[in-house]
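# give the three-dimensional model of this entry:
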Amino acid sequence: MMFLLMLVVFIVGYSLIVFEHVNHINKAASALLIGCLLWTIYALGGEDILAREASLSWLRYKANGGTDVVSFITHHELFHHLSEIASILFFLIGAMTIVELVDKYQGFRIITSRIGGGDVIRLLWIISILTFFMSAALDNLTTTIVLLTVLRKIITKQENRWIFASVVVLSANAGGAWSPIGDVTTIMLWIGGQVTAAHIISALFVPSLVNMIVSTTLFSLFVVKGNTIKPELPANETSSFTTHQEQVFMLVVGTLALISVPIFKTITHLPPFMGMLLGLSVMWIMTDRYLKKRRVEDRRTLTVKAALKAVDIPTVLFFLGVLSAVAALQSAGHLDILAQWLDESVGNIYVINLLIGAISSIVDNVPLVAASMGMYTIEAPGMTGDAVNFMQNGSFWTFLAYCAGTGGSLLIVGSASGVAAMGLEQINFMWYLRRITWIAFAGYLTGALTYYLQLQWFGL
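Just a heads-up that it's a prediction; the model follows:
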C-alpha cells in the first residue's frame, strides 16, 4: 500500500509542476512538497515497502549484515542521496554565482556585441553550435546557465527567449553526450569503467552532431522562420560602467574558472563542485582586493556578495525537490522494478536504451543509469555472443550514454539543463511539450539511427 502511495504522490506532485500555469503554484514549492512527502512515506512505511525486496540497495545492505530498516532509510539511504544532491546543488550555486559575477562586470558584452546583430537564423545557428561545443568542454548545466545569461542581453521578449533557451537545452544535451565530462551520466559511466574517454568521443561525436544539426534545422524551418525576433541590447545594457579591460578580464577569469573544473576533477578525482567552489573563491579574493581601488557604490554592486543575491534560489530549491523525490523512488525500489521490467519484457539492448532515454525525460536520468549499471556487469574482454555488448566500450554502455544524455530533452524537466532553463526563464511545461518536444524527438531518433548505422558499418 505505502509502496503504491509513493508512486501516486509522485504522479500528483509531478502534475502540479506540469500545470503550474493553471494552479499558479510555484514549481519549486511543488517539487519540495513531493520530495519531502515521499521520504516521509518511505520512513513511516519502510517495513512494508522494503518487504517487497524490490530495492537493490536494500538487498546489498542486507547482504552486508544490515537489518535495521529505520537506520537504513534515515541514515544510510537519506544521507547517501543527500551527498549526491548536495554536490549538484553546490555545483549549481557556484556556477550561477560565477556567471552572475561576470555579468555584474558586463563581461558578456564582449560576446553579445559580436553575436547580437544580424539575421535571426544566423544567430540561432551560432548559439546552437557554441552551446554544442561548450557543453563538451564544460558540461551541459554550466553551459546552459552561461548561454541563457548571454541571451538575456540580446533578446528582450520572453517567448522569443524561450525559443532560444530550448535550442540551448537541446544542443547542450547533445554536446554533453559525446564528452566524458559533458553530462553527469557520461561521467558516471566513465568513472565506473563502462566506457573510456577516447571511445565515447569517437563513437558518439557524429550521432550527437547529427542530433544537434537536425534539431536546429527544424527550429530554423518551423519555429523561427517568419518570427519577428529582433536581437537587441536591453536599455540597461547600452551604457558601460566598467572599462573594456575590466570586461575582458572578468570574462576570461570567469571562463577559466569554469573550464578548470573538469581539469581539476581529472587531476584530483574530487567531485566537480569542489573545483567550481575553488574557482569561485579565487574570483572572490581577486574582486575583493580589486574593489579597494573603486568607488563606494562599486564596492556594493560588483562584489560576490551582490552576485550571490542575484542567484535564482527558487531554481536551486526546485532541483533539490525533484532530485529528492527521484532519490526516494530509487531507494524504495520503484526504478529498480522499472529497469528489471525493461530487461525482461523488451530484451533488445537498443530498444531498452531508447526507452531509458525517453523515460529519463520524466524521471531523472542519473538514477536510471545507476540502476542499469547495477543490473548489468562489465564483461571481461574476449567474450562472445551478447556478452560482447556489455564489455568495456560495448554497444550497450555507449548507446546508454547517448540515450540517457539526449533523451532528457524530450521534456523540459527531463535534464539538468532543462530544469535550469525552466527555472531561470520560467518556461511553461505545456508550451515546451507542444512546440519543442517533437523537434527533440526527431533529433533524438536521427542521432540514435546514426549511431546504429555507424556501428554496423564501421564497428564504432
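# low-scoring stretches of the stretch 101-250 of the chain, by residue?
For the stretch 101-250 of the chain, residues meeting the criterion pLDDT under 70 lie at 114-118, 191-192, 225-241.
# Leu270: neighbour count?
Leu270 has 11 neighbours, counted by other C-beta atoms under 10 Å. (Glycine included, C-beta is placed from N, CA and C.)
# wasn't it part of a helix?
No: membership of Leu270 in a helix is not supported by DSSP: H, G, I helix; E, B strand; the rest coil, which gives coil.
# so what does it look like in phi/psi?
In terms of degrees, to the nearest 10, the main-chain angles of Leu270 are phi -80, psi 160.
# measure the residue nearest to it when sequence neighbours are not counted to Leu78 for me?
Nearest residue to Leu270, sequence neighbours excluded (C-beta to C-beta, 6 or more residues apart in numbering): Phe264, at 7.1 Å. For Phe264, the distance to Leu78 equals 28 Å [C-beta to C-beta, to the nearest Å].
# same deal with His269?
For His269, the distance to Leu78 equals 25 Å [C-beta to C-beta].
# same check, this time on Ser128
For Ser128, the distance to Leu78 equals 40 Å [C-beta to C-beta].
# doesn't Ala421 make contact with Ser166?
Yes: counting by C-beta atoms under 8 Å, Ser166 touches Ala421, with 7.5 Å between them.
# common neighbours of the two, please.
Common neighbours of Ser166 and Ala421 (criterion: C-beta atoms under 8 Å, 6 or more residues apart in numbering): Ile412, Ile427.
# could you tell me which helix of the protein is the longest one?
Taking DSSP state H as the criterion, the chain has its longest helix at helix 78-104.
# return the set of buried residues in that one.
Across helix 78-104, burial judged by 16 or more other C-beta atoms under 10 Å covers 78, 81, 84-85, 87-104.
# residue contacts, Tyr402?
The contact partners of Tyr402, by C-beta under 8 Å, 6+ apart, come to Ala177, Trp178, Leu204, Pro207, Ser208, Asn353, Gly357, Gly447, Ala448, Tyr451.
# the third one: which element?
Taking DSSP states H and E as the criterion, Leu204 maps to helix 197-218.
# hang on, isn't Val146 packed against Leu258?
Yes: using C-beta under 8 Å, Val146 is in contact with Leu258, at 7.3 Å.
# list the residues that contact both of these two?
Leu138.
# who has more neighbours, these two?
Neighbours were counted for Val146 and for Leu258 using other C-beta under 10 Å; Val146 has more, 28 against 25.
# distance-wise, check the nearest residue to the more buried one once chain neighbours are set aside relative to Ala136.
Spatially, and ignoring its direct neighbours in sequence, Val146 is nearest to Val99 (5.6 Å; C-beta to C-beta, 6+ apart). Here Val99 is placed at a distance of 18 Å from Ala136 (C-beta to C-beta).
# ok, now Leu5?
Distance from Leu5 to Ala136, counting by C-beta to C-beta: 42 Å.
# the two: which has the busier surroundings?
Neighbours per residue, other C-beta under 10 Å: of Leu5 and Ala136, the larger number sits with Ala136, 26 against 17.
# which residues touch the more buried one?
Neighbours of Ala136 in contact, by C-beta under 8 Å, 6+ apart: Gly175, Gly176, Trp178, Ser179, Ile181, Gly182.
# any chance of these in JSON lines, with secondary structure too?
Listed next are the contacts of Ala136 as JSON lines, based on three-state DSSP:
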{"residue": "Gly175", "secondary structure": "helix"}
{"residue": "Gly176", "secondary structure": "helix"}
{"residue": "Trp178", "secondary structure": "coil"}
{"residue": "Ser179", "secondary structure": "coil"}
{"residue": "Ile181", "secondary structure": "coil"}
{"residue": "Gly182", "secondary structure": "coil"}
